[in-house]
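here are the coordinates; sequence isn't available:
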């Protein structure tokens, strides 16, 4: 009994302070986490109404399912559909993407409250108090669990009208995917010494999970491929929400979360604070890294490479879907009007291409925000001070990162256009032009991020809110037939609809000038203010 009591006391000491750290984590994320949850939930809950407006009768839904079952490209992109009900179609249409968004939210929360804290030195200060060894990791996982539970609750409540059992299964499945990647991020945070690398590696695993699911779904029409079962995203679709739910699939989520949590806790107990099992490889201080621009490229090249590959592959996939998408909605007036609102009125194929290139442009805005906020990360971590202590001015340092941010966005949109040309097989120049015309709007979002960072670095993360709001307006707005005044809040709403539409230089030049003004104002503010301590 004495031994058991001692072990229980030891475990209690290792978790001391967990509640305080959890409250602190929730307070720090009091803006970002609700935004993530709200955007994801709104994307899901807006879909039933959209589907009813598009496919209001059972016959129309049966026709849609029949076409989807024979279209391997759409199965790879979205997944198989298992029933003709509005609830089942909702789970099919947004399930994969809502799960991926929830997974990204969860992994970012965990890395932020574990490896980010250690990298900044704050964790060492916290550990000097009455805080247990495993309390920070526990608090981070609980913070992710709170976010995933909130998403599950909103989705379950919002979709209950489509079927209580299906809504509960879908909500629990989304939360399960989120926690699988939360615990995976907890493991990676123990292995790496850099928060940036931890986020990148876990995001790469998420991308691999999407690819595995896509490959499996393209091969079979019922989600039975072994490749599909290797992906947590595939588990969600095989849960079959609103279509004779397979409740036992939830055990896969529980087992994966439990196993990964055990590994994460074991690793956390075997290393010192700030250390890792995969130490950072030292690099040269001269030569290739002898300038601020070379250092910025070294820091951001992994992100540029990942986004470039992703956009090229996305272009190939969407290009291959073009003819099939046109056939899929050609006989549905409501669906055709939505594509035309998103991409113009110059023909269904051109409207689909314009809407997809516009969607990639809005996603590219996320890249430019992430790249610009690299400045904020370098400043708050204290790494910028040794750079500026040399013969490097603030504007030169900032310009090195902004060149990669804005130039990188041009690169990934160019590669997306080339991918479209490969997948579609024709109209290379018009499609490439349709991708490049998105850049002024992308740069406006990047300029807003520069302004926020330059004027008030504490508000810099709000740039994510701007980018997500623009994505939400562009994605959900046309489906909900939002008024023009709402759609015009997005800079993408002012761009010419290419290919097929007429080129309009006035909005392109206006948005480019606005982006330049925002960047200039942000750099002027950065030059005058003190650096964060």
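Structure received. Owing to the predicted nature of the structure, the values given are computational and were not obtained by experimental measurement. Numbering: from 1, shown residues only.

shaky segments in the stretch 201-350 of the chain?
272-290, 323-348 (pLDDT under 70).

make it 50
345 (pLDDT under 50).

elements contacting the helix or strand encompassing residue 308?
Using DSSP states H and E, the element containing residue 308 is helix 292-329. Helices and strands touching helix 292-329, by 3 or more CB pairs under 8 Å, 6 or more residues apart in numbering; DSSP states H and E, are helix 58-69, helix 72-78, helix 195-219, helix 333-343, helix 348-372, helix 374-380, helix 394-424. No exception for glycine: its C-beta is placed from N, CA and C like everyone else's.

show me which positions of it end up buried.
Across helix 292-329, burial judged by 16 or more other CB atoms under 10 Å covers 292-293, 295-297, 299-300, 303-304, 306-308, 310-322, 324-326, 328-329.

and the angle from it to helix 394-424?
If you take axes from the mean of the first three to the mean of the last three CA atoms, to 10 degrees, helix 292-329 sits at 30 degrees to helix 394-424.

coming back round to it: weakest of the helices and strands packed on helix 292-329 by average pLDDT?
The weakest mean pLDDT among the helices and strands packed on helix 292-329 belongs to helix 333-343, with a mean of 54.

please tell me how far residue 91 sits from residue 47.
To residue 47, residue 91 is 9 Å away according to CB to CB, to the nearest Å.

which of those two has more neighbours?
Between residue 91 and residue 47, residue 91 has the larger neighbour count (other CB atoms under 10 Å), namely 34 against 24.

quick one: pLDDT of that one?
At residue 91, pLDDT is 90.

now it: which helix or strand?
helix 86-113.

how far off helix 195-219 does that helix point, in degrees?
Going by the same axes, to 10 degrees, helix 86-113 is angled at 160 degrees with respect to helix 195-219.

buried set for the helix or strand following helix 86-113?
Per DSSP H and E, the first helix or strand lying C-terminal to helix 86-113 is helix 115-120. The neighbour-count criterion (16+ other CB under 10 Å) identifies 115, 116, 117, 118, 119 as the buried residues of helix 115-120.

could those residues go into a markdown table alongside pLDDT?
Formatted as a markdown table, those follow (pLDDT from 0 to 100):
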| residue | pLDDT |
| --- | --- |
| 115 | 83 |
| 116 | 81 |
| 117 | 80 |
| 118 | 78 |
| 119 | 75 |
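
now, among these, which is nearest to residue 231?
residue 115 (24.8 Å; CB to CB).

so who does that closest one touch?
189, 192, 194, 195, 198 (CB atoms under 8 Å, 6 or more residues apart in numbering).

which residues does residue 172 contact?
Contacts of residue 172 (CB under 8 Å, 6+ apart): 152, 156, 250, 253.

for it, give its distance to residue 82.
The separation that residue 172 has from residue 82, given CB to CB, amounts to 17 Å.

just say helix, strand or coil for residue 530.
In three-state terms, and counting by DSSP: H, G, I helix; E, B strand; the rest coil, residue 530 is coil.

distance-wise, check it relative to residue 385.
12 Å.

ok, now residue 187?
32 Å.

kindly report the same for residue 307.
For residue 307 relative to residue 385 (CB to CB), the value is 29 Å.

quick one on the thing from earlier: neighbour count: residue 530 and residue 385, which is higher?
It is residue 385, of residue 530 and residue 385, that has more neighbours when counted by other CB under 10 Å, with 12 against 6.

distance check, the more buried one against residue 359.
Residue 385 is 40 Å from residue 359, by CB to CB.

then residue 377?
For residue 377, the distance to residue 359 - CB to CB - is 27 Å.

just residue 435 next, same as before
Distance, residue 435 to residue 359, using CB to CB: 11 Å.

out of the helices and strands packed on helix 292-329, which one sits most buried?
Each of those was scored by mean neighbour count; the highest is helix 348-372, a mean of 25, by mean count of other CB atoms under 10 Å.

I'd like the contacts of residue 115 as a markdown table, with distance to residue 430 appended.
Converted to a markdown table, the contacts of residue 115 look like this (distance: CB to CB, whole Å):
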| residue | distance to residue 430 |
| --- | --- |
| 189 | 45 |
| 192 | 43 |
| 194 | 42 |
| 195 | 42 |
| 198 | 41 |
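
determine which two of the residues you listed are furthest apart.
Within these, two members stand farthest from each other by CB to CB: 189 and 194, at 9.9 Å.

who has more neighbours, these two?
residue 189 (32 against 16).

surely that one meets residue 113?
No: counting by CB atoms under 8 Å, residue 189 does not reach residue 113; the two are 9.3 Å apart.

how many neighbours does residue 265 have?
Residue 265 - counted by other CB under 10 Å - has 20 other residues nearby.

what does residue 126 give?
For residue 126, using other CB under 10 Å, the count is 18.

what about it, distance to residue 173?
Distance, residue 126 to residue 173, using CB to CB: 35 Å.

same deal with residue 235?
Distance of residue 235 to residue 173, computed by CB to CB: 7 Å.

contacts for stretch 294-310?
Stretch 294-310 has contacts (CB under 8 Å, 6+ apart) with 196, 200, 203-204, 207, 283, 288-289, 364, 367, 370-371, 374, 378, 387, 397, 400-401, 403-404, 408, 411-412, 415.

same question, stretch 403-414
For stretch 403-414, the surrounding residues in contact (CB under 8 Å, 6+ apart) are 293, 296-297, 300, 303-304, 307-308, 310-311, 360-361, 364, 367-368, 371-372, 374, 432, 435-436, 438-439, 442-443, 446.

one more time with 6 Å
The contact list for stretch 403-414 (CB atoms under 6 Å, 6 or more residues apart in numbering) reads 296, 300, 304, 307-308, 311, 364, 368, 371-372, 435-436, 439, 442-443, 446.

nearest to residue 515 among those?
Nearest to residue 515 among the contacts of stretch 403-414, counting by CB to CB, is residue 443 at 3.7 Å.

residues contacting the closest one?
With CB under 6 Å, 6+ apart, residue 443 has these contacts: 406, 515.

how close does it sit to residue 518?
Distance from residue 443 to residue 518, counting by CB to CB: 9 Å.

residue 211 too?
To residue 518, residue 211 is 36 Å away according to CB to CB.

do residue 382 as well
Per CB to CB, residue 382 is found 27 Å from residue 518.

who has more neighbours out of those two?
residue 518 (21 against 14).

look up the pLDDT of that one for me, please.
Residue 518 carries a pLDDT value of 95.

for it, which non-adjacent residue is spatially closest?
residue 447 (2.9 Å; CB to CB, 6 or more residues apart in numbering).

who's in contact with the one you found?
Under the criterion of CB under 6 Å, 6+ apart, the neighbours of residue 447 are 515, 518, 519.

so which helix or strand takes in the last one?
Which is residue 519. Counting by DSSP H and E, residue 519 is part of helix 505-528.
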